[in-house]
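Trainee: Sequence and predicted structure are below.
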2 protein chains.
Amino acid sequence: MQIAIVLYPGFTALDFIGPYEVLRWLPDAEVRFVWHEPGPVVADSGVLVIGATHSFDETPGPDIVLVPGGFTTMEHARDERVLDWLRRTHQSTTWTSSVCSGSVLLAAAGLLDGKRATSHWAAVQSLRAFGVTPVGDERIVRSDERIVTCAGVSAGIDLGLWLAGEIGGEAKARAIQLSMEYDPQPPFDSGHMSKASTATKAAATALMARELASPPALKATVGLLWDHAIRRARSRK
Amino acid sequence: MQIAIVLYPGFTALDFIGPYEVLRWLPDAEVRFVWHEPGPVVADSGVLVIGATHSFDETPGPDIVLVPGGFTTMEHARDERVLDWLRRTHQSTTWTSSVCSGSVLLAAAGLLDGKRATSHWAAVQSLRAFGVTPVGDERIVRSDERIVTCAGVSAGIDLGLWLAGEIGGEAKARAIQLSMEYDPQPPFDSGHMSKASTATKAAATALMARELASPPALKATVGLLWDHAIRRARSRK
């Protein structure tokens, strides 16, 4: 079972390290990290470097595709080679999945047209521009028979276990959960917009705005939304 | 504030990607991944490659040290250069911390002598051989004023948030928790030995035994325990 994790520059590492740490224990799991070319890829933090092990061309038929989020998702959502690969591989995947703002890539590829999906709370409303129904209050959203999306960053662990249950059965998923001692005990309870105080929401937004409101990020977002709006306008009958 | 994450061959990635994803948002955080030499380091899975950004020699005085776990911990716990670096840096750290079997490295360096500490459930009892009191039922164990250890793999996220609260204050920690949407909803409840069924415990043990009972891992474990027992015998008055 080949599991292809898309590793783009500017990724958020926990988005895919969570599900990687789960899915790699499934029987016959062959995990690969894919990008245009194999080689080092730098995270959103600028200090973490992870290796892409295979190119898209070398990975024409993965069983599972997982797309993580990051502050550069909007930029890569205009990369037609990435979108084409997602469309082509999705034709034969068992599961096509996303964590965090990775769902924007699936949406830009047209895989979520008319469907429900989730994303990081800071990105979920942008799904609407792609004709996707944004869901902000479910941690894992099964968009259709073979597509599943989840909330931001840490939600990838829950998604990984959910997928492990679907693929390998509940007994296997439970064994993996114990092996990674996933018995979460957050010292605070501010992990969702519905639970956080106004002050926490403001502070988290300010924290992320440093990245999301950077000139390149804003330019990519505006460009992506314009592209998509114009494509829709041109295709109107 | 310099945060040094020890990146040894055979690491378990989620152990440190969890706290990295938290701590990097603290004001003035400078995260580095340290090993004997900068360069690519391969995870326990064999398919994930992460870059060490700095050598130990280049990192003489970090504010925070974090040691992750992995199936090769016992092997590296006999590497005197690693142990010396841990002892030297600990003299001036604000926090010296471990996730999972990383506490075996702290114990082998003598930093946990006579103290309480935790580890992954598969490794926690081995702490006893180093004169450490193993704690199996607390997710985060503060061993002394400046040392904190936590349970296996995913516990690193909880540790990261706890440290963020200590270092940056609760308001900052809560904002980081929301930014990473850490509102865990595991689809199963088998993440701790006290919660898992006998069948799950057996399956998880079998899963990990593939790695822990490999000839090199067994050799390293036996060697480490012999080293330590003989050192203790020789030092008896």
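Mentor: Nice, thanks for sending it over. Numbering: from 1, shown residues only, chains lettered A, B, ... in the order given.
Trainee: which secondary element of chain A has the worst mean pLDDT?
Mentor: Between all helices and strands in chain A, the lowest mean by mean pLDDT, DSSP states H and E belongs to helix A:215-234, at a mean of 85.
Trainee: Are that one and chain B in contact anywhere?
Mentor: No - residues of helix A:215-234 contacting chain B under Cβ under 8 Å from any Cβ of the partner chain: none, with a closest distance of 15.2 Å. From N, CA and C alone the C-beta is placed, and that goes for glycine too.
Trainee: Need the residues that contact that helix.
Mentor: Identification of contacts with helix A:215-234 by Cβ atoms under 8 Å, 6 or more residues apart in numbering or on different chains yields A:71-72, A:74-75, A:77-78, A:108, A:126, A:129-130, A:211-212.
Trainee: Sitting in helices, which of those residues do you find?
Mentor: The helices, defined by DSSP state H, take in A:74-75, A:108, A:211-212 from the contacts of helix A:215-234.
Trainee: want to throw those into CSV with neighbour count, distance to chain B and pLDDT?
Mentor: Output for the ones in helices among the contacts of helix A:215-234, formatted as CSV (neighbours: other Cβ atoms under 10 Å in any protein chain shown; distance: Cβ to the nearest Cβ, whole Å; pLDDT from 0 to 100):
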residue, neighbour count, distance to chain B, pLDDT
A:M74, 25, 18, 91
A:E75, 19, 20, 92
A:A108, 25, 21, 96
A:E211, 18, 10, 84
A:L212, 16, 11, 83
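Trainee: And these, which two are furthest apart?
Mentor: By the measure Cβ to Cβ, A:A108 and A:E211 form the most distant pair in these, at 19.4 Å.
Trainee: all helices for chain A, in order.
Mentor: Under DSSP H, chain A gives helices at A:13-23, A:73-76, A:80-90, A:102-108, A:155-168, A:170-179, A:198-212, A:215-234.
Trainee: what about chain A, any weak spots by pLDDT?
Mentor: Scanning chain A for pLDDT under 70 picks out A:237.
Trainee: Just give me the neighbour total for the residue lying closest to A:A206 once chain neighbours are set aside.
Mentor: Spatially, and ignoring its direct neighbours in sequence, A:A206 is nearest to B:A175 (7.8 Å; Cβ to Cβ, 6 or more residues apart in numbering or on different chains). A count of neighbours around B:A175, defined by other Cβ atoms under 10 Å in any protein chain shown, yields 28.
Trainee: A:V67 against A:S101, yeah?
Mentor: No - with contact defined as Cβ atoms under 8 Å, A:V67 does not count as touching A:S101 (9.1 Å).
Trainee: show me the residues around the closest residue in space to A:C150 that isn't next to it in sequence that make contact.
Mentor: Closest residue to A:C150 apart from its sequence neighbours, by Cβ to Cβ, 6+ apart: A:L159 at 4.0 Å. Contact analysis of A:L159 by Cβ under 8 Å, 6+ apart lists A:18-19, A:97, A:99, A:140, A:148, A:150.
Trainee: Try it again at 6 Å.
Mentor: Contacts for A:L159 were tallied using Cβ atoms under 6 Å, 6 or more residues apart in numbering or on different chains; they are A:19, A:140, A:150.
Trainee: Could you report the separation of the second one from chain B?
Mentor: Spelled out, that is A:I140. Distance of A:I140 to chain B, given as Cβ to the nearest Cβ, to the nearest Å: 8 Å.
Trainee: ok, now the first one?
Mentor: Distance check for A:P19 against chain B: by Cβ to the nearest Cβ, it reads 10 Å.
Trainee: need the contact list for that residue.
Mentor: By Cβ under 6 Å, 6+ apart, the residues touching A:P19 are A:66, A:156, A:159-160.
Trainee: Which one of those is nearest to A:R87?
Mentor: Nearest to A:R87 out of these is A:L66 (Cβ to Cβ; 15.9 Å).
Trainee: So the closest one is in contact with A:L7, correct?
Mentor: No - between A:L66 and A:L7 there is no contact under Cβ atoms under 6 Å: 10.2 Å.
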